[in-house]
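Student: Attaching a predicted model along with its sequence, questions to come.
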Amino acid sequence: LIEHTTARIVAPLSAYGAQPALTGPGMSALVAWVEEIAALTQPERIHWIDGSTDENDALVSQMVEDGTLIQLDPRKRPNSYLARSDEGDVARLESRTFICSEDPDDAGPTNNWAAPDEMRATLQPLFAGSMRGRTMFVVPFSMGKIGGPISQLGVQITDSPYAVASIEVMTRVGLEVTELIAQGSPWVRTVHSVGAPLAPGQADSAWPSNPEKYIVHFPESLEVWSFGSGYGGNAILAKKCFALRIASVLGRDNGWMAEHMLLIRVIDPQGRAYHVAAAFPSACGKTNLAMLRPTIPGWTVETLGDDITWIRPGADGRLYAINPESGFFGVAPGTGAATNVTAVETLWGNVLFTNVALTDDGDVWWEGLTDEAPDHLIDWRGEDWTPESGRPAAHPNSRFTVAASQAPSIADDWEEAVPLDVILFGGRRATNVPLVVEAFDWEHGVFLGSNISSERTAAAEGRVGELRRDPFAMMPFCGYNMGDYFGHWLEMGRRAETLPRVFQVNWFRRGADGRFLWPGFGDNSRVLDWIIRRLQGEADAVDTPIGRVPAPGSLNLEGADVPQNDLDELFAIDVDAWLEEAELTDEFYDLFGDRLPAELHAQLSALRSRLIRA
Ligand code: PEP
Ligand code: NA
Ligand code: MN
């Protein structure tokens, strides 16, 4: 799915897909691998993706013809399509995601581990013949701009044309990548099958998949094998599987970092630019913050990325960041004019939607797009829907897939590496965690990152609710032992000469009455303003046991609707509740045994001492 505006005559898909006539040291290895996977999966045809607009048009037309995609009315939303998945294939599956290192301790306590040999034996019969009757696509892709200094190459083999179209939006796909591989550039092997072979003459379903699903990573041989699912992170292997799980291992071994972070440029009223990366767990508003429209005058936020950031030390001793992706795979529900008008504008055309509702006039709708639902829709399952139906019209994890370049907020130079000034860590915390806290130093910042967690509801007075831990928002995405990962963060801090400043933020604190205390969305710019003025030495902070918080009056609240009582609650530090939370942190840290860096135990002890003294 590539940007195009005029309808053109499209040649059939079979007119494309020949193996590129390339030679070079890497080409024979690539061809041998493709042949090996074809011998295993036995597709009807092999199609080498060249990434051209014509080929993409043919692919999309074929999917419309096959019933995989519904074309939206081009007068409403040009070059845009809707896919409906199988009801059992609607999200990433953490329980079916495996890290297969030789030593289980290298996968660590927070990943599902299986022995590599045993997993290969499990996968072999599943993949054997799994592409019968289908086309096997060979999709060469680059994470980061092609040939860029922080970029990495990969190839995905897949029997899902929907996955191909998605990868073409989310990454840089094409012949130039194959050329680099042919010349000998390293690349990562990823194999994907929906696991639904077709017998001769058997009709296909609109969303082929298999009830048995495996999303498997071999970190030592840098391979991904995914079976049975066609959805999102299970099927677009460049994203979570490669750019986070495999890349985190590459980063550990080569002195860089692959993080579950958005990346933005914040420009102050004097025109000074700062780069901010922010780690939040899934569904905590990364895409919204990436596309923030400040409510305070004079400030601008430019988007660089909304989900993944790769970070590498530069020659000048600073840390440099890129967004390795080239598109957004965003959750649709909750995206509307009030929450993220930039996203709504980004979605004007050239969008691949999945599991949203279809309107009677050939457009899409989801909960939160408008205040009022249309009177009639076809829901994500393909059934009639009215506001009285009593169920959501769009699946809660329905998505849009759209090129990053289409965001009106995208930075002109968004494909270039930028020096990192600030790192934010945030979760969805109803209690304890203030709106914003500055870390005392890098080590304390790593401590804060290791403690990212979410709780659904405000707990009783003086207690914390049930915490779902998601350190660095990487719990589902770290491809190795998370204790070692904490150590890698500490190590990166020792290596860089000039480190970003680290802050913890929480947009989700609730009052005693259960209300959100902070308006969020555009008003989060007030927190960014304070953070940037801290960097400039122009905003005051006060030390507390948990970090530095804004001095009274230093947060710009002009024009905001935040009563003083709410502000007090937003920054309240309940020593007993924090000591209780420290207890929970201790239990969590115990999980990692001797893989937990001593520095983090020391940070926890220091926090307890500061709390007791307070
Ligand atoms: C995904 O499933 O590919 C994905 C982007 O997940 P999440 O939104 O949870 O990060
Ligand atoms: Na692309
Ligand atoms: Mn994510």
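Tutor: On my side now, so go ahead. Ligands and ions are numbered 1, 2, ... in the order given.

Student: So which residues on this structure come close to ligand 3?
Tutor: Contacts of the chain with ligand 3, taken as CB under 5 Å from the ion, map to Ser282, Asp307. Glycine gets a C-beta too; all of them are placed from N, C-alpha and C.

Student: what do you get if the cut-off is 8 Å, keeping everything else the same?
Tutor: Taking CB under 8 Å from the ion as the test, the list of the chain residues beside ligand 3 reads Gly233, Lys240, His260, Ser282, Lys286, Asp307, Ile308, Ala473, Phe477.

Student: where's the dip in pLDDT among these?
Tutor: In terms of pLDDT, the lowest of those is Ser282, showing 88.

Student: Now for that residue: which residues touch it?
Tutor: Ala473, Pro476 (CB atoms under 8 Å, 6 or more residues apart in numbering).

Student: try it again with 10 Å
Tutor: 91-92, 233, 240, 260, 307, 331, 397, 454, 470, 473, 475-477 (CB atoms under 10 Å, 6 or more residues apart in numbering).

Student: Keep those, but drop any that are not near ligand 1.
Tutor: Arg92, Gly233, Lys240, Asp307 (CB under 6 Å from any ligand atom).

Student: ranking the residues you listed by neighbours, who comes first?
Tutor: Asp307 (27 neighbours; other CB atoms under 10 Å).

Student: how near is it to Phe425?
Tutor: 16 Å (CB to CB, to the nearest Å).

Student: now Asp586
Tutor: 19 Å.

Student: Kindly report the same for Arg293.
Tutor: Between Arg293 and Phe425 the distance, using CB to CB, works out to 23 Å.

Student: again with Ser205
Tutor: Distance from Ser205 to Phe425, by CB to CB: 42 Å.

Student: Relative to the longest strand along the chain, what are the paired strands and their orientations?
Tutor: Counting by DSSP state E, the longest strand found in the chain is strand 135-143. Here strand 135-143 is paired, per DSSP bridges, with strand 45-48 (parallel), strand 152-158 (antiparallel), strand 172-173 (antiparallel).

Student: now it, how far from the chain's geometric center?
Tutor: 20 Å (CA atoms, centre = their mean, to the nearest Å).

Student: What mean pLDDT does it get?
Tutor: 98.

Student: Please export the C-alpha coordinates of that strand as PDB.
Tutor: C-alpha atoms of strand 135-143 as PDB (Å, rounded to 0.1, in the frame of the first residue of the first chain):
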ATOM      1  CA  THR A 135       2.300 -17.600  -3.100                       C
ATOM      2  CA  MET A 136       5.400 -17.300  -1.000                       C
ATOM      3  CA  PHE A 137       6.600 -13.700  -1.000                       C
ATOM      4  CA  VAL A 138      10.200 -12.800  -0.400                       C
ATOM      5  CA  VAL A 139      10.200  -9.300   1.200                       C
ATOM      6  CA  PRO A 140      13.600  -7.500   1.600                       C
ATOM      7  CA  PHE A 141      13.300  -4.700   4.100                       C
ATOM      8  CA  SER A 142      15.400  -2.000   5.900                       C
ATOM      9  CA  MET A 143      14.800  -0.800   9.400                       C
END
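
Student: Contact partners for the closest residue to Pro149 other than its chain neighbours?
Tutor: Distances taken as CB to CB, 6 or more residues apart in numbering place Ala417 nearest to Pro149, at 7.0 Å, with adjacent residues excluded. Counting by CB under 10 Å, 6+ apart, Ala417 touches 144-145, 148-151, 275, 304, 310-312, 314, 319-323.

Student: Buried ones among these?
Tutor: Burial by neighbour count, 16 or more other CB atoms under 10 Å: within the contacts of Ala417 this picks out 144-145, 148, 150-151, 275, 304, 310-312, 314, 319-323.

Student: of the residues you listed, closest to ligand 1?
Tutor: Lowest distance from ligand 1 to these (CB to the nearest ligand atom) belongs to Asn323, with 13.4 Å.

Student: I'd say the closest one and Ala258 touch.
Tutor: No. Using CB atoms under 10 Å, Asn323 is not in contact with Ala258; the gap is 11.6 Å.

Student: Now the common contact residues for the two.
Tutor: Met143, Ala243, Ile308, Thr309, Trp310.

Student: what's the domain layout of this structure?
Tutor: Domain assignment for the chain by automatic domain parsing gives 13-69+93-254, 259-326+414-613, 327-406.

Student: More neighbours: Arg293 and Phe425, which one.
Tutor: More crowded of Arg293 and Phe425, by other CB under 10 Å: Phe425, with 26 against 15.
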